[in-house]
Structures are given as C-alpha cells and as structure tokens.
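A.B. asks: below are the sequence and a predicted model; questions follow.
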Amino acid sequence: MKKVAVLLSGSGVFDGTELHESVLALLEIARAGACYQCFAPDIAQLHVVNHLTGEVDESDSRNVLVESARIARGDIMAVTGLDINEFDALIIPGGFGAAKNLCNFAVAGAEHVVDSSVKQFIGQFAQAKKPVGFICISPIMIPQFYGAGVKGTIGSDSNTAAAFEQQGGCHQVAAVSDIVIDEANKVVSTPAYMLADNILDAHKGIAKLVNSVLNMA
C-alpha cells in the first residue's frame with residue numbers, strides 16, 4: 001500500500017489550510033487504495049482570522065500543528081518527525097496558510113522564504129525524487145525546491161504567475177480542472193480554489209492530481 005504524507009498549514013481558508021481541498025485530497029488518496037499521514041509545522045500562525053467577518057483577531061494566537069489536528073482528527077505529526085523512507089509521496093493543499101504559515105508569500109511576494117522546518121520537510125521529498133502534489137497557492141513554493149525551469153501552475157492570476165517565474169519557475173496557465181505535470185521533477189500542481197467557484201470545481205483537478213501523484217510513486 002502506498003503511503004502519502006499530507007502537509008497542512010492550520011485550519012481555515014483565510015489563515016490556514018483550505019478545508020475542502022484537504023478533505024478532497026484525503027478522500028481521493030483513500031479511494032485510490034493508498035493511506036496517508038498528516039503533518040504540520042509546530043509553529044505559531046501568522047495571525048488568526050475571524051472566518052465569519054474576515055477580520056484579523058488581534059487578541060488571539062494559535063499554533064499551526066494544533067489547528068491542523070482539527071482536520072486530521074488528532075492523527076497528525078510535526079514535520080520534524082518525518083521518516084522519508086516510510087513515504088512514497090507528498091501532497092500539499094492550499095489555503096492562505098500555505099502562503100502565510102508554510103512560507104511568507106502573502107507578506108513578501110516573490111521574495112518570500114519557506115519556514116525552515118517546512119523547507120527541510122518538503123526538501124526531503126524533492127531530494128529523494130519522490131512525487132509531490134501542490135494544490136491552489138502552495139505551488140508558489142515549487143521553484144524554491146526544484147530550481148530554474150521547473151513547471152507548475154497557480155491557475156491564471158498574472159501577478160502570482162509573475163512571482164512564480166521571478167523565482168525561476170516556468171508557469172503554465174491552467175483551468176480549474178487541469179493539472180500541470182513536471183515529469184523530470186515529479187511535481188504535479190492544480191489551481192483548485194485559485195479558480196474554483198465551488199467544491200465540485202475544486203474536486204476535478206484535485207482528483208486528477210492525486211491520481212497522477214500516486215501513479216508516479
């Protein structure tokens with residue numbers, strides 16, 4: 001049975017993991033006959049957003065690992081606990097947490113850096129040439145791990161695509177149901193809620209991405 005690591009970034013689209021994307025990815029992994037283990041960095045969130053009002057709650061602070069445990073039903077590990085030999089692939093859902101907690105793209109744009117513990121975690125999959133699937137905004141990190149010319153997509157937003165290319169990546173415009181595959185680097189990406197209007201839209205690309213990643217594994 002293939003085993004997939006799933007990297008989460010909190011709980012909730014505006015300050016953590018996009019819930020639909022994470023659940024759809026977990027469902028598709030299980031439906032394919034594979035198993036998964038959720039991971040998250042044991043760090044503070046950038047901030048906490050009230051998802052009803054959209055406002056930042058300055059009085060609250062939360063931990064990414066603790067919040068991600070909500071999605072994983074408590075079955076989650078810190079990224080520092082990874083044994084790369086136990087896993088065949090990695091999938092990273094999106095949500096603003098990918099751009100605020102896994103890296104600081106939401107603040108720094110093309111000059112963003114990946115959190116050190118996250119960089120080591122993803123880097124192990126890249127170095128071992130194990131397939132990685134990036135969903136929604138998480139593909140913005142791809143060039144930092146695979147170098148100049150690596151292919152990926154965040155959909156069709158021109159500013160985000162420009163930031164991807166400024167880092168050395170080769171951005172491919174894609175529709176919500178599309179995936180972009182970089183065969184040489186074993187990287188797959190899909191826009192999901194960068195373009196999706198609803199959960200059915202998001203599911204189309206995520207299902208293809210999971211299937212492609214597992215086929216590469």
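C.D. replies: Done, it's in.
A.B. asks: ok, now which ones touch residue 146?
C.D. replies: 126, 169, 182, 185, 187 (Cβ atoms under 8 Å, 6 or more residues apart in numbering). C-beta: built from backbone N, CA, C; applies to glycine.
A.B. asks: hey, where'd the helices end up in this protein?
C.D. replies: 19-31, 64-71, 96-97, 105-108, 116-127, 142-146, 158-166, 199-216 (DSSP state H).
A.B. asks: buried stuff in the last one?
C.D. replies: Put plainly, it is helix 199-216. 201-214, 216 (16 or more other Cβ atoms under 10 Å).
A.B. asks: centroid-wise, who is the farthest residue in this protein?
C.D. replies: residue 59 (27.6 Å; Cα atoms, centre = their mean).
A.B. asks: residue 3 and residue 35 touch, don't they?
C.D. replies: Yes. The criterion here is Cβ atoms under 8 Å, and residue 3 meets it with residue 35 at 5.4 Å.
A.B. asks: specify the beta-bridge partners of the closest residue to residue 37 other than its chain neighbours.
C.D. replies: Counting by Cβ to Cβ, 6 or more residues apart in numbering, residue 37 lies nearest to residue 5, which is 5.7 Å off, once chain neighbours are set aside. Going by DSSP bridges, residue 5 is paired in beta bridges with residue 37, residue 90.
A.B. asks: measure residue 5 to residue 208 for me?
C.D. replies: Distance from residue 5 to residue 208, counting by Cβ to Cβ, to the nearest Å: 19 Å.
A.B. asks: residue nearest the middle of this protein, spatially speaking?
C.D. replies: Judging by Cα atoms, centre = their mean, the chain has its centre closest to residue 92, at 2.7 Å.
A.B. asks: what sits against that one?
C.D. replies: Contacts of residue 92 by Cβ under 8 Å, 6+ apart are 6, 7, 98, 102, 122, 132, 133, 134, 135, 138, 141.
A.B. asks: give me the neighbour count for the first one.
C.D. replies: By that I understand residue 6. Number of residues near residue 6 (other Cβ atoms under 10 Å) recorded here: 24.
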